[in-house]
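Peer 1: below: sequence and its predicted model.
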Amino acid sequence: MTSRDKPDRPWLIRTYSGHSSAAASNALYRENLARGQTGLSVAFDLPTQTGYDADAPEALGEVGKVGVPIGALPDMETLFDGIPLSRMNTSMTINATAPWLLALYVAAAERQGADRRDLLGTTQNDLVKEFLSRGTYMLPPEASLRLQTDVIAFTVRELPKWNPVNVCSYHLQEAGATPVLEVSYALANALTLLDAVRAREDVDAALFPEVAGRISFFVNAGIRFVTEMVKLRVMGDLWDELLQDRYGVADPRLRRFRYGVQVNSLGLTEQQPENNVYRIALEMLGVVLSKRARARAVQLPAWNEALGLPRPWDQQWSLRLQQIMAFETDLLEHDDLFDGSSAVTALEEELAADVRREMAWIEAEGGVIAAVASGAMKERLVVANAERLARIERGEQKVVGVNCFEESAPSPLAGGDGGGADQILVVDAGAGAEQIARLEAHRVQRNKNDVAAALQALRDAAKSGASVMEPSIRAAHAGVTTGEWGAVMREVFGEYRAPTGLGAVVTTPDGSAPGGLEAARAAVRRASDALGRRLKLLVGKPGLDGHSNGAEQIAVRARDAGMEVVYEGIRLTPAQIALAAEEEGVHVVGLSILSGSHLELVPAVLAALRARDLADVPLVVGGIIPEADRPALLALGVARVFTPSDFDLNAIMTAIAEVAAASAAAA
Amino acid sequence: MTLADDVRAGSRRAVREALNLVESERAADLAAAAELVDALAGSPREGARIVGLTGPPGVGKSTLAGALVRAWRGDGLTVGVVAVDPSSRRSGGAFLGDRARIDRPPGDDGVFVRSMAARDRLGGLAPGAFAGALVLRAAYDRVLVETVGVGQSETDVATVADATAVVVQPASGDVLQFIKAGLMELDGVLVVNKADLGAIARRSLRDLRVALGLLGRPEVPLVLASAHTGDGVDALARALDAARPGRPGPRAPAPRAARRARGRPRDRAPRHARHRRPRRARRRPRARHRAPRRRRP
């Protein structure tokens, strides 16, 4: 029982970080630990997350951008240099390549002299949300599930303190999920994993309750913090109930709903970004207020994340919020404040009923893996997000500074020119080249025979159905690179492209059309007349970034404005985009880039278009693009640049139609 | 060199421009488009064939299209694809996403995929689909025309294709639909997709065989395939190559199909079809052959 004399221990205080290089990230981690951070949360760059080497064509512009590049074991050793892994709690946001990064972590720990059994931490290792939202999947759903359970089975035997999987509802909310969708998809996903683990022969049935107890969750918390708190209480209750009824887990401690949280980034605004500080604080309330449903670990975004990568000071500002909440307020001194509240109970009952209905629907669709492969779950997310955006456009959902209270005095935080360049972290432009140089040096100094033998053992295990974990650890010690590991997996299991989910989105009805859709349609009609056939738009998503909701919503609105829209999904190379533009005879190419790689990817796409004799097809670019980069993109020949402040989709459609009409006039 | 010559020479730029031209609805482009199609229709690439791919929505046509393209490429054949998607009735816009199902090695220029929206032809082929298939046939060894899969598209595609693969899903009631729609008259191959469903798929195959026998069309090839695993796809490709248009044989009358054909609004390029398939072409209103109705998009 908690009392004012003996307050609860605070949650694990983390900051999601990592960038540029292993050495730079190591310095950042040591700094954060010295500032009172109690665990590490590692962000990997996209090539590392998708199994490519830094010098692969797919990695162009992405090395060291959204996280740290780990090309082979020496990088992992550098990352944790001076940080004893036997005593650290490390959370790794890694999914498709989770078996590999865990193998590198184990190998690095072994080089430090640590015992495997002491290793403490988490691998995210959740592929379903990658297919539905985040996009860094590599392999088809069934093969992905198999590798996920390889990690789980390995940690059960070898790393008893490790959380092998962090089932994510976080990214579902970022993709537009309502609380019902978020809870039901996450729980159904967790059950799918547990079913798959239960079916494995190498997991002792007696250990199964321990496995169930080791499943943790990673959730999101938005600005409607009462709803969010209710959501987490319901999630906890349902998880407890499912583990008991479906799997007969008897020990209540093993049925406890353990979750970490990063509060919502989707609702952070580029306009008046200082307001995001309040949003982050309020969003945090949803996951700490109720003791019974309190987060085990919290990481907060920074106030300027809608603008680009946060600087160390921005991250410190968010860290301080957690510390004030934990140490200055009386939050941790009280028992649960909401048990017995009739208002909260009523909300809980309503949500739980909706969640049960939704889970039954997934079951009827053939289960999670089938509903992912068919696109059925994805479709519901795309529809929910389209509805959310339409509510904001119509002003039904208020966003201060965006669709109401837009006026602002000049902000001293915005820098002299009001641009974003001095408000965000600019990743050293040489980071990619340095990483490639390190990788090349590493390839030369390792033993070729060891590498070949280790890769063959890995291939054999993958083909035979044996666990890939021990062969991966052996490969790590032998000096195998991330790209080589990924290539073996792709070779054995095949590449995969997930359904886009767009087909299900019904056309916005005229009567309730967001303002301005008619104007956009008229502009599209005018452009189509000038062009001789209906305006055809290619929506391209180059690079490795898989956050597709921006591209999806552009594609949906373009269709509703009357365009014919070619959209193939995420992770296309510039060459593939140019190929599609050529074959489809499109009038405009639109790129969506959120990873900060626009200055590398846009010139590459322009060059690929020129190589196919398509220099006259106009290119427009949107995404998380700092205002300061706009002139550079326009100078390259980009026709229009859309930044996060362009939230009016109809205005974007009108602008695209005007670009097309102008090119018709020029032709 | 004319544009037609460049298309025949396999220039990708020329193929792109030719397809843009035949899709154009600008009055000024009509004559040039008609001339181009006439020039190309009479001179297909040697051995080239147009293959239709049709069947109800959700049956796995796009995935099967991808598997067929892979099989043909594996035989060293070049492939053109016309993939038709429905247009939104309200906005006129459309999602064209089928090309995502056709994967190919980086830098492989032996495939050319053009997606077309059905536009105002609800349920039918796209207005430029016929002409587009003829353009592609002049440059590629195989041309695959994938339909929307509803309305008249099944019978539409047969007017342009040398052989048509009609895809059905096991245990879906498609068999009955199919007979009712008069599809049994098509020249081509019946495909039961999703063979990975095992016993159910094999039972559907038996049902179809019985139905074909009753209709007096026992010679129609039946293939069990799985776009998912790739099983049966090579057999399908071979069966499509072997199928010949206008093959003699008893046909069940198909009043609905004929009624539909009479009611169809316009065809962009049926002149070649009339030459090659007189029996079908006679059903069509001649006056409309060269007078496509123009409508603003």
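Peer 2: On my side now, so go ahead. Being a predicted model, the structure only gives us computed values, none of them experimental.
Peer 1: which residues touch residue A:177?
Peer 2: Applying C-beta atoms under 8 Å, 6 or more residues apart in numbering or on different chains, we find residue A:177 in contact with A:169, A:185, A:381, A:384. Bear in mind the C-beta positions are built from the backbone N, C-alpha and C, glycine included.
Peer 1: what do you get if the cut-off is 7 Å, keeping everything else the same?
Peer 2: Residues near residue A:177 by C-beta atoms under 7 Å, 6 or more residues apart in numbering or on different chains: A:185, A:381, A:384.
Peer 1: cool, and residue A:368?
Peer 2: Counting by C-beta under 7 Å, 6+ apart, residue A:368 makes contact with A:128, A:188, A:189, A:192, A:362.
Peer 1: tell me the secondary structure at the residue lying closest to it once chain neighbours are set aside.
Peer 2: Using C-beta to C-beta, 6 or more residues apart in numbering or on different chains and skipping residues adjacent in sequence, the residue nearest residue A:368 is residue A:192, 4.3 Å away. Following DSSP: H, G, I helix; E, B strand; the rest coil, residue A:192 is assigned to helix.
Peer 1: for chain A, what are the nearby residues on the stretch 101-250 of chain B?
Peer 2: B:106, B:112, B:113, B:114, B:115, B:117 (C-beta under 7 Å from any C-beta of the partner chain).
Peer 1: apply 6 Å and report the result again.
Peer 2: B:112, B:113, B:114, B:115, B:117 (C-beta under 6 Å from any C-beta of the partner chain).
Peer 1: may I ask which of those has the most neighbours?
Peer 2: Neighbour count (other C-beta atoms under 10 Å in any protein chain shown) singles out residue B:117 as the most crowded of these, with 29 neighbours.
Peer 1: residues near residue B:90, how many?
Peer 2: Applying other C-beta under 10 Å, we find 15 other residues in the vicinity of residue B:90.
Peer 1: state the pLDDT value of it.
Peer 2: Listed pLDDT for residue B:90 reads 75.
Peer 1: three-state assignment of it?
Peer 2: Under the three-state scheme (three-state DSSP), residue B:90 adopts coil.
Peer 1: let me see the backbone angles for it.
Peer 2: Backbone torsions for residue B:90, taken as degrees, to the nearest 10, come to phi -80, psi -50.
Peer 1: repeat that for the one 5 residues further on.
Peer 2: Its backbone dihedrals place residue B:95 at phi -100, psi 130, with angles given as degrees, to the nearest 10.
Peer 1: same question, residue A:588
Peer 2: Torsion angles, degrees, to the nearest 10, at residue A:588: phi -140, psi 140.
Peer 1: for residue B:143, grab the count of nearby residues.
Peer 2: Residue B:143 - counted by other C-beta under 10 Å - has 29 other residues nearby.
Peer 1: show me what contacts it?
Peer 2: B:50, B:80, B:133, B:136, B:137 (C-beta atoms under 6 Å, 6 or more residues apart in numbering or on different chains).
Peer 1: can we see that at 10 Å?
Peer 2: Taking C-beta atoms under 10 Å, 6 or more residues apart in numbering or on different chains as the criterion, residue B:143 is in contact with B:44-45, B:48-52, B:78-82, B:112, B:132-137, B:160-162.
Peer 1: and if you look at residue A:615?
Peer 2: Applying C-beta under 10 Å, 6+ apart, the residues contacting residue A:615 are A:606, A:607, A:609, A:637.
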